[in-house]
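Enquirer: quick one: sequence and predicted model below, then my questions.
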Amino acid sequence: MDWISFEKSVIARMKNEHIPGVAIAVSEYGRTIYEKGFGVLDLDTQEPVTPDTIFGIASVTKSFTALAILILEEEGKLSIDDPVTKYLPHFSVPTIEDIDSVKVHHLLTHTTGLAPLRRREELNKLREHLVYLSDETHEVLGRPGEYFSYCNDTFILLGAIIEKVTGCLFRRYVTEQLLNPLKMYRSTFSIEELSKLDNVSTPYIYSDGTHKKQPWPVLGNYEVGGGIRSTIRDLLKYGEVFREKEVNLISSEQVKKMYTPYIPIEGISYYGYALHITPNYHGSTLVEHGGGQPGVSSCFGFVPEKGLVVAVLSNVSNISAGDIWLEAVNTALGIPLNERNRGEDTVDQTTDEQLAKFVGIYQSKEGSCLEIILENHSLKAVIGNETIPLRVGKNDTLIMKNGKTISFYFKEKKESWAAFFGMRMLLRVK
């Protein structure tokens, strides 16, 4: 295992992406084979990152929530095939005609049929989110199970279901039933608790050439899908759940539901229950999930056939934590450091008329915006202040320079009505 080359890549990436600090850990069949902190947890104090430094994990939290649901199912307290209304009778969405067709399974897989919603972080009680969903008109993509589109606001309902069937506050249930039994004692939902702990990272956003400190975000109900702060060592303990035979929380058959490929999302990858699955990567399965918030970038996952668990945490937004994660996996597997998932094939010959069908502005109410423009016979994506050249792929996709794909949906193959980008369906607005 060439960890020297891996570390050189991490250090170069930190410089190129302006990363103050990052922590990385890898275990193999329960034994830690690599762990290291790079950089600093605070630019003012210059305190170094260690394997015990606490970072936000953002959407990696979602797999904890999914695991809690599956534990409750194994205990006979719910079924993932039940309608959401069985547990939350007041659940309704004006634009979904048959609300009983939305199952717990659809919440877990982001396939309810709703497009991303406007975030309401001021809502702090889960019942308030039920009111939000029922009182406003929300854009619908299709029938439950028809389309995958990341939707934090429907995932939140899993927390409400947990509270309903246990009679216990969501964060308390996860802490008492998952974090504590796994001895994840440096993991918490509580911002107040962070202030009482040492070795806690400072979140940063890098923009206009400088790092700007960020307060820990007060997430309200969104803590169900993004509220845990943790360490790489604690996440390796969590990863033992997915080795199935080592932790007595859930049966191996039940936990495998989490990384069963339920719905295709991009390239050769699928989504399970709060986990992203890529089958047949050099003969193994990659299972992972990333996360991002102001001042947080994270990626956690495992390779079940090899007993590998890998965690990457950083204290700055919008860095390639997933690429660091994959390079750590590659190093542990003994394959080339820069190996990547197989991407889409490109199309050689395209006319301006063929390219024009992609042109447009695509947005979500959550805030994402993507513009596709045609200049000098070439397509480009405008994302924020960045303009990115694109290649045309097969199956109505465009390929970015980093290999990521953007998929498009067309009405009778003529006019695009949505683009799939950043795990979300963005509707065409112009």
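Expert: Arrived safely. Residues are numbered from 1 along each chain as shown.
Enquirer: run through the residues that contact Pro389.
Expert: Counting by CB atoms under 8 Å, 6 or more residues apart in numbering, Pro389 makes contact with 378-380, 401. To be clear about C-beta, it is placed using only N, CA and C from the backbone, and glycine gets the same treatment.
Enquirer: pLDDT weak spots in the chain?
Expert: Along the chain, the model assigns pLDDT under 70 to residues 244-247, 341-349, 413.
Enquirer: hey, where'd the helices end up in the stretch 201-350 of the chain?
Expert: Along the stretch 201-350 of the chain, counting by DSSP state H, counting those that start in this stretch, helices occupy 223-226, 232-239, 252-255, 321-333.
Enquirer: that older thread, now which of the contacts of Pro389 would you call buried?
Expert: The neighbour-count test (16 or more other CB atoms under 10 Å) applied to these identifies 379-380 as buried.
Enquirer: show me what the nearest residue to Ser416 once chain neighbours are set aside is bridged to.
Expert: Leaving aside its chain neighbours, Ser416 sits nearest to Phe408 (4.8 Å; criterion: CB to CB, 6 or more residues apart in numbering). Here Phe408 sits in beta bridges with Ala419, as judged by DSSP bridges.
Enquirer: now for Phe408, how many residues are close by?
Expert: 20 (other CB atoms under 10 Å).
Enquirer: pretty sure it sits against Glu415.
Expert: No: contact criterion CB atoms under 8 Å: Phe408 and Glu415 do not qualify, at 10.3 Å.
Enquirer: quick check: neighbours shared by the two?
Expert: Common neighbours of Phe408 and Glu415 (CB under 8 Å, 6+ apart) are Lys357.
Enquirer: rewinding a little: OK, contacts around the residue nearest to Ser416?
Expert: Phe408 neighbours (CB under 8 Å, 6+ apart): 357-358, 396-398, 416, 418-420.
Enquirer: just the buried members of those residues?
Expert: By neighbour count, with 16+ other CB under 10 Å, the contacts of Phe408 hold 358, 396-398, 416, 418-420 as buried.
Enquirer: centroid residue for this protein?
Expert: By CA atoms, centre = their mean, the chain has its centre lying nearest to Gly290, at 4.0 Å.
Enquirer: please name the bridge partners of Glu266.
Expert: Ser269.
Enquirer: that one: how many residues sit nearby?
Expert: Look at Glu266: counted by other CB under 10 Å, it has 21 neighbours.
Enquirer: ok, back up a step: format the helices of the stretch 201-350 of the chain as a markdown table; extra columns: mean neighbour count.
Expert: What follows is the helices of the stretch 201-350 of the chain, written out as a markdown table (neighbours: other CB atoms under 10 Å):
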| stretch | mean neighbour count |
| --- | --- |
| helix 223-226 | 26 |
| helix 232-239 | 24 |
| helix 252-255 | 14 |
| helix 321-333 | 22 |
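Enquirer: which stretch among those comes nearest Leu43?
Expert: Proximity to Leu43 (CB to CB) singles out helix 321-333 among the helices of the stretch 201-350 of the chain, at 18.9 Å.
Enquirer: buried residues, the next helix or strand after that closest one. List them.
Expert: The element immediately downstream of helix 321-333 (helix or strand, assigned by DSSP states H and E) is helix 352-356. Within helix 352-356, the residues that count as buried by 16+ other CB under 10 Å are Leu355.
Enquirer: CA atoms of the very next helix or strand once past helix 352-356 as PDB?
Expert: Past helix 352-356, further along toward the C-terminus, the next helix or strand under DSSP H and E is strand 360-363. Extracted in PDB, the C-alpha atoms of strand 360-363 (Å, rounded to 0.1, in the frame of the first residue of the first chain):
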ATOM      1  CA  GLY A 360     -31.300  26.400 -21.100                       C
ATOM      2  CA  ILE A 361     -31.400  27.400 -17.500                       C
ATOM      3  CA  TYR A 362     -32.200  24.700 -14.900                       C
ATOM      4  CA  GLN A 363     -33.000  25.500 -11.300                       C
END
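Enquirer: what sits against the nearest residue to the residue nearest to the centre of the chain once chain neighbours are set aside?
Expert: Excluding the flanking residues, the one nearest Gly290 by CB to CB, 6+ apart is Cys299, at 4.5 Å. Taking CB under 8 Å, 6+ apart, we find Cys299 in contact with 60, 288-291, 310-312, 321-322, 324-325.
Enquirer: distance to His106 for those residues - can I get that in JSON lines?
Expert: Converted to JSON lines, those look like this (distance: CB to CB, whole Å):
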{"residue": "Val60", "distance to His106": "21"}
{"residue": "Glu288", "distance to His106": "22"}
{"residue": "His289", "distance to His106": "18"}
{"residue": "Gly290", "distance to His106": "22"}
{"residue": "Gly291", "distance to His106": "21"}
{"residue": "Val310", "distance to His106": "29"}
{"residue": "Ala311", "distance to His106": "28"}
{"residue": "Val312", "distance to His106": "29"}
{"residue": "Ala321", "distance to His106": "28"}
{"residue": "Gly322", "distance to His106": "25"}
{"residue": "Ile324", "distance to His106": "32"}
{"residue": "Trp325", "distance to His106": "27"}
